[in-house]
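**Student:** give me a 3D structure for the following:
(one chain, ligands or ions: 2)
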Amino acid sequence: MPVLGRVLRWRHARLTVQLPMLLLAGIIVYDGLTGPQTAPLNLAGVAPWIHWRGLVVLGLLFVGNVSCFACPFVLPRAVGRRHWSPRWNWPRRLRSKWLAVLLLLAFFWAYEVCALWSSPWWTAWLVLGYFVTAFAVDVCFRGAAFCKYVCPIGQFNYVQSLMSPLEVTMRVPQVCADCRTKDCIQASLPRADDANRGCALGLYLPHKAGNFDCTLCLECVHACPRDNIGLTPVVPGAELWRDRPRAGIGRFARRPDVAALVLLLVFAAFANAAGMVGPVLEVQDRLTAALRLNSPFWITTALLLLAVVVLPLLLAGAASAVSHAWSGDPGRRLDAACRFICAFAPLGFGMWLSHYCFHFFSSPEALVPAGQRFLADLGLHEGPTWICNCCVTVADWLLRLEILFLDLGLLLSLYAVYRIARERRPETAQALKAFAPWALILTLLFTVGVWIMFQPMEMRGMTELAR
Ligand code: SF4
Ligand code: SF4
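**Tutor:** Ligands and ions are numbered 1, 2, ... in the order given. Have a look, this model is predicted:
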């Protein structure tokens, strides 16, 4: 692209975006620790939970993994590595997504039980914890171990970016075939020093397929001496129904950890939104009162584990057994299940989009009173004018947009499941038998999603239930 291409090729393009993000992160930490602890009045109570999350999913929808591209957490690592060279390779046993799955589960639990979004103080510590962990992991271990194996936000982005329209790819395959230096991957080889840049996530460009594990850091673009790497338009979701070996990841069929990650993120999308709607909050309160508990801690924990661990495992296990038996699939059942589960990602993305866009578009102005208060505290504003932080009317088009996202997610998931079924069982009757159980679960989830959209939803950074 005439202008954008040049900007992105500029060596400091990413840094130019990361530095303002670092400043914003610093402001959020400062305000979260020192400002008022009422979420709508504090930048840490609104900016990360309403605006940043909305922009992340919209970026994934229209571009790709812009969140990792702009990530400020890796900047201290870059500084640290100027003084300490990482000495170790990431332990072989941890080279999977299982650790990240556990961390994501812990995050979703903390989010619901400790109401992270309503605590500026905890939000600030979460951001600080992120900086410290990213720094500690990456000054000890080579490559981008934190991004690839630890970071929960990164894993969220990798899964959702499978539905993004752009991908970092080689431009002319023959140029790569003739290439002897392979600079695009050098940094991921053992003992490579960091000055020798390349893909630290182990994605060798000629074998890279899809956006999974790609942070959009563009290091490969800068490393390739033949200028043979570009951002290419791709069919969103197409990698879900192709089962080819991929650089750095392998085949989805052989990655139960990736399937577990997708399953958790899909069901968490629904659980996270359900945890904010009136009827579910009422059930929680009633159960807490009926069991004479002092707080909803145990009820919330139990409901969350039911929604994101027990139910998904039961449903996926049942669908896998029925699909395999009905269709007479001669392949390994676990391989088939991993592939079908990965095809759920678009529906999960549809739900995350609907949920985060609801908050983003229904209360973008929540930043104003919190920003005014922050500036007033610094003596840079005459005094806060408390507008916009209650009595929000949600526009009609927003509900339609939410349903549209969910519709598109369902259609893409159904299509991906059908393509996988067709590939495993080419005869139409057998393919439909392989397809049906998984399609049933997708349709049930979609129905739950539509029901959630029509419920009154607790607002972020606001003070009332809306709709
Ligand atoms: S992307 Fe560039 S460095 Fe990598 S193999 Fe192709 S030509 Fe070589
Ligand atoms: S270096 Fe690796 S992670 Fe970064 S953009 Fe290139 S392929 Fe993606």
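**Student:** C-alpha from now on. contacts and neighbour counts both.
**Tutor:** Fine.
**Student:** which parts of this protein are strands?
**Tutor:** Taking DSSP state E as the test, the strands found in the chain are 166-170, 229-233, 457-458, 465-466.
**Student:** pLDDT weak spots in the protein?
**Tutor:** Applying pLDDT under 70 to the chain flags residues 187-196, 383-393, 458-467.
**Student:** longest helix in it, please.
**Tutor:** Determined from DSSP state H, the single longest helix within the chain is helix 396-424.
**Student:** and that helix, which residues are buried?
**Tutor:** 399, 402-403, 405-407, 409-422, 424 (16 or more other CA atoms under 10 Å).
**Student:** who are the packing partners of it?
**Tutor:** With contacts taken as 3 or more CA pairs under 8 Å, 6 or more residues apart in numbering; DSSP states H and E, helix 396-424 sits against helix 333-342, helix 345-362, helix 428-453.
**Student:** contact residues of the stretch 201-350 of the chain facing ligand 2?
**Tutor:** By the rule CA under 6 Å from any ligand atom, the part of the stretch 201-350 of the chain lying against ligand 2 is 201, 203, 214-220.
**Student:** interface residues of the chain facing ligand 1?
**Tutor:** Going by CA under 6 Å from any ligand atom, the residues of the chain near ligand 1 are 170, 175-176, 179, 182-184, 205-206, 224, 226, 228-229.
**Student:** make TSV from these and add neighbour count to it.
**Tutor:** Output for the residues of the chain next to ligand 1, formatted as TSV (neighbours: other CA atoms under 10 Å):
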residue	neighbour count
Met170	23
Val175	14
Cys176	18
Cys179	13
Lys182	18
Asp183	21
Cys184	27
Leu205	25
Pro206	20
Cys224	21
Arg226	12
Asn228	18
Ile229	22
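**Student:** list just the nearest of those to Trp98.
**Tutor:** Leu205 (25.1 Å; CA to CA).
**Student:** now for the closest one: which residues touch it?
**Tutor:** Counting by CA atoms under 8 Å, 6 or more residues apart in numbering, Leu205 makes contact with 169-170, 184-185, 247.
**Student:** try it again with 10 Å
**Tutor:** 168-171, 173, 176, 182-185, 199, 220-221, 224, 228-229, 246-247 (CA atoms under 10 Å, 6 or more residues apart in numbering).
**Student:** can you count the residues close to Leu218?
**Tutor:** Neighbour count of Leu218, defined by other CA atoms under 10 Å: 22.
**Student:** is it true that it touches Leu15?
**Tutor:** No: look at Leu218 against Leu15 with CA atoms under 10 Å: they stay out of range, at 11.3 Å.
**Student:** ok, now which ones touch Pro76?
**Tutor:** Pro76 touches 22, 131-132, 134-136, 138-139, counting by CA under 10 Å, 6+ apart.
**Student:** highest neighbour count among these?
**Tutor:** Asp138 (26 neighbours).
**Student:** would you confirm that that one contacts Tyr149?
**Tutor:** No: judged on CA under 10 Å, Asp138 makes no contact with Tyr149 at a distance of 11.2 Å.
**Student:** overlap of the contact sets of these two?
**Tutor:** Common neighbours of Asp138 and Tyr149 (CA under 10 Å, 6+ apart) are Trp90.
**Student:** what is the neighbour count of the closest residue to Trp121 other than its chain neighbours?
**Tutor:** Closest residue in space to Trp121, ignoring its immediate chain neighbours: Gly32 at 4.8 Å, by CA to CA, 6 or more residues apart in numbering. If you count neighbours by other CA under 10 Å, Gly32 ends up with 25.
**Student:** give the contact list for the residue of the stretch 1-150 of the chain found nearest ligand 2.
**Tutor:** Closest residue of the stretch 1-150 of the chain to ligand 2, CA to the nearest ligand atom: Phe69 (8.4 Å). By CA under 10 Å, 6+ apart, the contact set of Phe69 is 13-15, 17-18, 214-218.
**Student:** my read: Ser320 touches Ile441, true?
**Tutor:** No: the criterion here is CA under 10 Å, and Ser320 misses it with Ile441 at 11.1 Å.
**Student:** more crowded one of the two?
**Tutor:** Neighbours per residue (other CA under 10 Å) separate Ser320 from Ile441, with Ser320 holding more: 21 against 16.
**Student:** and Ser295, how far from ligand 2?
**Tutor:** 44 Å (CA to the nearest ligand atom, to the nearest Å).
**Student:** wouldn't that residue be in contact with Cys114 here?
**Tutor:** No: look at Ser295 against Cys114 with CA under 10 Å: they stay out of range, at 11.2 Å.
**Student:** show me what contacts the residue nearest to His207 when sequence neighbours are not counted?
**Tutor:** Distances taken as CA to CA, 6+ apart place Ala247 nearest to His207, at 5.0 Å, with adjacent residues excluded. Applying CA under 10 Å, 6+ apart, we find Ala247 in contact with 201-210, 213.
**Student:** same question for Leu8.
**Tutor:** Applying CA under 10 Å, 6+ apart, the residues contacting Leu8 are 1, 14, 218, 221-222, 230-231.
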